Structure formats: structure tokens, C-alpha cells
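> With the sequence up front, the predicted model follows.
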Amino acid sequence: MKKATLILAAFATMFISCNKEIIDPILKGEYVFYEPCINWGADENTVISYVNAMGGWTKSEEEEANKLRFVNDKTASSMSYEFGEKGLEGASVTYFGVNEKFETFKNDITTKYDVTDWRQQEESMGITWYYGTSNKVNCCISMGYSEMLGGYMYADFSRDLFHPFK
């Protein structure tokens, strides 16, 4: 989780610094349920095509090995993807300025991915977060929210299935 949190904080900082025109004075977004590509093993071109088909997303100009990032200025949201030797291994969707929609977001994730084992974890670095698994799409899901950076909420999807609660 610490890795995901640090990645999220770094990306949030990048998103805000690259999109200053939408932060006046606090970033206020719009909640639209976005389903990141979780076609485990997919290559970068497959993910780019998937995101482009959704419309409204722009690929980040910043290049980083084995990672793709996209922003949606209209809804103040972002998506990021991580690739390994076997293709797509992780995906994340983050919303800025709509923390009041967290329960709706969590319910949407629960319903879409059939998560039945949510566990709330201790608050860490100002982030309230939950952890669960989806056997429907074979992944672990971590989601949470924070008031830092004007407020954000996120869902991280990881190809690795492990159960820290057992």
C-alpha cells in the first residue's frame, strides 16, 4: 500500500501542477464511474486503445518506463497503468475534489467487480482506505480517500491476488 500511496501522491502532484487552470482555489471534479482497463497481460497499445475509446482522456506527456498515465480535465480525474514482464499488472483511477461521492464510488466498485471482503485499514498518511479482492476479475482492489491536495479518492487494481487478512 505504501508504494501505491507514494505513487498516487506523486501522480496527484503531477496532475495538479499540469492542470493549474482547473484548481481555483480547490480542485473540484465530477464523479463519473470509470472502469480502468484490467485486461491483465495486455500491452501498452491495447490499454491506450481502451482508454481512447472512452473519450475525454489525454495521455500524459511525461514518459516513465513501464507506466502510462491519462487525465480527464472535464471530470478532474486520472488513470494510471503499470506494466511488467507479463504485460498489464496494475491500474488505478483517481478522482479529485469529489470525496463526498466516496460511498457511491465504493458501491460502484463493489457491484461491478463483485467485492465481498472489504476490510477497512488503519488511516495512513491521512488516507482512509479499504482493501478487498475480486475473484470475478482476479485482482486485489485498494480504495480510499484523503483530504490532502484538496481532496481525492482512488481505486487501485492489482493483478496479484494475495489475502493479507488470512
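Received it, and whenever you're ready, just let me know what you need. Numbers count the residues shown, from 1 in each chain.

> only C-alpha atoms for contact and neighbour calcs from this point on.
Fine.

> Strands of this protein, residue ranges please.
For the chain, the strands defined by DSSP state E occupy 58-59, 67-72, 77-84, 87-96, 119-120, 127-134, 139-146, 152-158.

> Next, the contact list for the residue nearest to A76 when sequence neighbours are not counted, please.
Counting by CA to CA, 6 or more residues apart in numbering, the nearest residue to A76 once its immediate chain neighbours are dropped is G29, at 4.6 Å. Counting by CA atoms under 8 Å, 6 or more residues apart in numbering, G29 touches 74-77, 95-98.

> any idea which of those is closest to D117?
D117 lies nearest to Y95 out of the contacts of G29, by CA to CA, at 23.1 Å.

> Show the pLDDT at the closest residue to that closest one other than its chain neighbours.
Sequence neighbours aside, S77 is the residue nearest to Y95 in space, at 4.4 Å (criterion: CA to CA, 6+ apart). We note a pLDDT of 96 for S77 in this prediction.

> When you filter the contacts of G29 down to buried only, what's left?
Among these, those that count as buried by neighbour count (16 or more other CA atoms under 10 Å) are 75-77, 95-98.

> which one of the residues you listed sits closest to N39?
Using CA to CA, S77 comes nearest to N39 of the buried ones among the contacts of G29, at 20.6 Å.

> picking that back up, what distance do you get for the residue nearest to Y95 to I141?
Distance, S77 to I141, by CA to CA, to the nearest Å: 18 Å.

> A65 too?
Per CA to CA, A65 is found 23 Å from I141.

> Which residue of these two possesses the greater neighbour count?
I141 (25 against 8; other CA atoms under 10 Å).

> pLDDT score for the closest residue to that one other than its chain neighbours?
If the residues on either side of it in the chain are set aside, I141 comes closest to F157, at 4.7 Å by CA to CA, 6+ apart. As predicted, F157 sits at a pLDDT of 96.

> what does A9 give?
So A9 comes in at 41 (pLDDT).

> Let's have the buried ones among the contacts of G29 in TSV, adding distance to S49.
Shown next, in TSV, are the buried ones among the contacts of G29 (distance: CA to CA, whole Å):
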residue	distance to S49
T75	20
A76	21
S77	18
Y95	21
F96	24
G97	27
V98	27
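
> Among those residues, which one lies nearest to E44?
Within the buried ones among the contacts of G29, the smallest distance to E44 is 20.0 Å, found for S77 (CA to CA).
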